[in-house]
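Undergrad: fold the following, please.
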Amino acid sequence: MTTFADHVIASLKASGVRRLYGLPGDSLNGLTDSIRRDDDVDWVHVRHEETAALAAAAEAGLTGELNVCVGSCGPGNLHLINGLFDAQRSRVPVLAIAAQIPGSEVGSGYFQETRPQELFADCSVYAEVVTSPEFGPRILETAMRAAVERRGVAVVVVPGEIFLGKVDRGLAPAVVRPAKTVVRPDDSALREAAALLNGARRVTILAGAGAAGAHDDLVRLAETLKAPVVHALRGKEYVEYDNPYDVGLTGLLGFASGYKAIEEADTLLMLGTDFPYRQFYPRGAKVIQLDIRGEQIGRRTHVDLPLVGSVRDTLPALLPLLAAKTERAHLDEALAHYARTRRSLDSLAVNDRERTPIHPQFVARTLDRLADRDAVFTVDVGSPVVWAARYLTFNGHRRLLGSFNHGTMACALPQAVGAQAAYPGRQVVSLSGDGGLTMLLGELFTLRQNGLPAKIVVFNNGSLNFVELEMKAAGIVNYATELDNPQLAEVAAAIGLWARRVERPGDLEEAIEEAFAHDGPALVEVMTARQELSVPPAITVEQAKGFTLYAIRTILSGRGGELLDLVSTNVARRILT
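TA: Model (predicted):
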């Protein structure tokens, strides 16, 4: 007998899927039994379905291939939703199989009844219900094709009994692979772009994740235009390395040099980026935006010339139309500013005379120095992503994962699960916040149970640190942000991981080296400075007023000691360096 569940697994295998992430449940019994009987597809048992979705999205982001997460009926598949929003906003191909209550009970208010096809509509490119084993294969193939071609989430809702329903024994598995295409603007649009760029005096390039696969042409473009290259956060791993024209990141996490290079441009060329922060765009400059998704163009700033196409396909056609510039003043000034900015940032990433708690910049720089040439880094939102953006370096082999569009807390550990499952022999390093780690702490058990040797480095500052910074900028006294943590290294050791707690800067390197050398999962808990400020490249009048108001209110509330700690952690240290 061939069941619909057997057909699902056969089709996933034929389409390159090698594992499914999820938790079992009675409505999934037909599917999990089919996996049990198959030697080529693995079941990665996680402790929370949100992790299943984040892990599948991480693997899809690294490989570009379709990946799958699974949730049982009702609460089981509802737990997927946050990770699916992250996958959808990151534009990675993920198939979510959402089990449903018995089809005969739908509409009756049955135990655990929900309507997944409606609930997941906002975070998917396709969501449909399988109403019978006969029609299931068509729905499955359509969903897989939608996820792969539209690079998003597709949801297939399956009542539990349908998994066990019979299908035609001779039915061939669906084979879904992405079609190979070339997508670029037409010749007239390219000539118009070239005319604008040739007539400009100060061109700056802003490149994002859409520049993947176009590194060498991007560098040639910058050389031709004598243009500094600013990268968005998701573009860091594709743009920054081996690029003598890179001047850093812009935005809330970025560098003063990146901000200035955009602010002083007369023409901004946006390549494969939907950089969201409107206050960081230039005033009065002409803007050319190239994006493979035409609907994204002009959402953030006024665009003079919209171009639809991939960066990889478009640059080879654009480059021959450009006249090489000789004037370098804008480029040289931007590069000099970047060098000064980089020196300033690097001066903070040192062992500060064995002072404690440890400065997080020093932790990030130490990780960068000791990690493998092809390491995969996953980073939690909040302060860990700031230090990753500023201190991790990339070389065309390393990879970076985070919740950069959706901004969900607790993403780093689940993404490390997916990255390590996809690449068992590759070094995977999670930069986790203490709040993020403890939110999904159960996934440390997932590392142990599945034998995943990921390395978790916890920035433990006893607070929701980035939220505190946002409160300061808004003029609000920090409240409800303190975390009363146990010794997280002891928790990890009790679970069965190799673990070490680091309180002194001089012990950091040895602890990280031992963790990296360990052949199983490992956790290093680093006690970092709570009052470390991650100052944005440009401070608005409102932010300056907010910090002033925060200082006054903090003193009036009898918590002046926090201000002294803030000054000693940041201001005095910067004067000394």
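Undergrad: quick one: residue 35 and residue 47, what's the gap?
TA: For residue 35, the distance to residue 47 under the criterion C-beta to C-beta, to the nearest Å works out to 18 Å. Every residue, glycine included, has its C-beta placed from N, CA and C.
Undergrad: could you do residue 389 as well?
TA: 29 Å.
Undergrad: which one's more surrounded, those two?
TA: Comparing residue 389 with residue 47 by other C-beta atoms under 10 Å, the one with more neighbours is residue 389, at 24 against 18.
Undergrad: so who does the more buried one touch?
TA: Shown in contact with residue 389 (C-beta atoms under 8 Å, 6 or more residues apart in numbering): 233, 236, 249, 253-254.
Undergrad: in helices, which of these fall?
TA: With helices defined by DSSP state H, the entries of the contacts of residue 389 inside them are residue 236.
Undergrad: what's the PyMOL syntax to select whichever of the contacts of residue 389 are buried?
TA: The PyMOL command for the buried members of the contacts of residue 389 (criterion: 16 or more other C-beta atoms under 10 Å) is given here:
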select buried, resi 233+236+249+253+254
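Undergrad: what is the nearest of the contacts of residue 389 to residue 526?
TA: When the contacts of residue 389 are ranked by distance to residue 526 (C-beta to C-beta), residue 253 comes first, at 20.0 Å.
Undergrad: wait, that closest one sits on residue 390?
TA: Yes: between residue 253 and residue 390 a contact is recorded at 7.4 Å, counting by C-beta atoms under 8 Å.
Undergrad: for the residue nearest to the spatial centre of the chain, which non-adjacent residue is closest in space?
TA: By C-alpha atoms, centre = their mean, the chain has its centre lying nearest to residue 402, at 2.4 Å. Nearest residue to residue 402 in three dimensions, chain neighbours excluded: residue 379, at 4.3 Å (C-beta to C-beta, 6 or more residues apart in numbering).
Undergrad: in the sheet, who's paired with the one you found?
TA: Beta bridges link residue 379 to residue 402, residue 431, judged by DSSP bridges.
Undergrad: number of nearby residues for it?
TA: Going by other C-beta under 10 Å, the residues that sit close to residue 379 add up to 30.
Undergrad: can you verify my assumption that it contacts residue 431?
TA: Yes: under the criterion of C-beta under 8 Å, residue 379 makes contact with residue 431 at 4.5 Å.
Undergrad: what touches both of those two?
TA: Among the neighbours of residue 379, those also in contact with residue 431 (C-beta under 8 Å, 6+ apart) are 385, 388, 412.
Undergrad: closest to residue 145 among the residues you listed?
TA: residue 412 (31.2 Å).
Undergrad: hmm, the closest one is touching residue 402, no?
TA: Yes: A contact is recorded between residue 412 and residue 402 when judged using C-beta under 8 Å, the distance being 7.1 Å.
Undergrad: shared neighbours of the two, anything?
TA: 378-380.
Undergrad: what would these look like in a markdown table with pLDDT and distance to residue 322?
TA: Putting the shared contacts of residue 412 and residue 402 into a markdown table (pLDDT from 0 to 100; distance: C-beta to C-beta, whole Å) gives the following:
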| residue | pLDDT | distance to residue 322 |
| --- | --- | --- |
| 378 | 98 | 38 |
| 379 | 98 | 36 |
| 380 | 98 | 41 |
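Undergrad: make JSON lines out of these and add distance to residue 493.
TA: As requested, the shared contacts of residue 412 and residue 402 are arranged in JSON lines below (distance: C-beta to C-beta, whole Å):
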{"residue": "378", "distance to residue 493": "22"}
{"residue": "379", "distance to residue 493": "24"}
{"residue": "380", "distance to residue 493": "21"}
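Undergrad: for residue 220, state which of the residues you listed is nearest.
TA: The shortest approach to residue 220 among those belongs to residue 379, at 30.4 Å (C-beta to C-beta).
Undergrad: tell me which residues touch the closest one, please.
TA: Contacts here follow C-beta under 8 Å, 6+ apart; on that basis residue 379 touches 385, 388, 400-402, 411-412, 430-431.
Undergrad: filter these to the buried ones?
TA: Going by neighbour count (16+ other C-beta under 10 Å), these have 385, 388, 400-402, 411-412, 430-431 buried.
Undergrad: mind listing the strands for the stretch 1-150 of the chain?
TA: Shown for the stretch 1-150 of the chain, the strands assigned by DSSP state E, counting those that start in this stretch span residues 19-22, 42-45, 67-71, 94-100, 126-129.
Undergrad: the first one pairs with which strands, parallel or anti?
TA: When sheet partners are counted by DSSP bridges, strand 19-22 sits next to strand 42-45 (parallel), strand 67-71 (parallel).
Undergrad: can you say which helix or strand has residue 170 in it?
TA: Counting by DSSP states H and E, there is no helix or strand that carries residue 170.
Undergrad: quick one: low-confidence parts of this protein?
TA: The chain contains residues with pLDDT under 70 at 1, 533-577.
Undergrad: got a list of what the residue lying closest to residue 331 once chain neighbours are set aside touches?
TA: What sits nearest to residue 331 in space, not counting adjacent residues and going by C-beta to C-beta, 6+ apart, is residue 226, at 4.6 Å. For residue 226, the contact set (C-beta under 8 Å, 6+ apart) comprises 203, 325-328, 330-331.
Undergrad: which residues sit against stretch 207-223?
TA: For stretch 207-223, contacts defined as C-beta under 8 Å, 6+ apart pick out 205, 227-232, 234-235, 238-239, 241-245, 270-275, 290-292, 310-312, 315-316, 318-319, 322, 324, 396.
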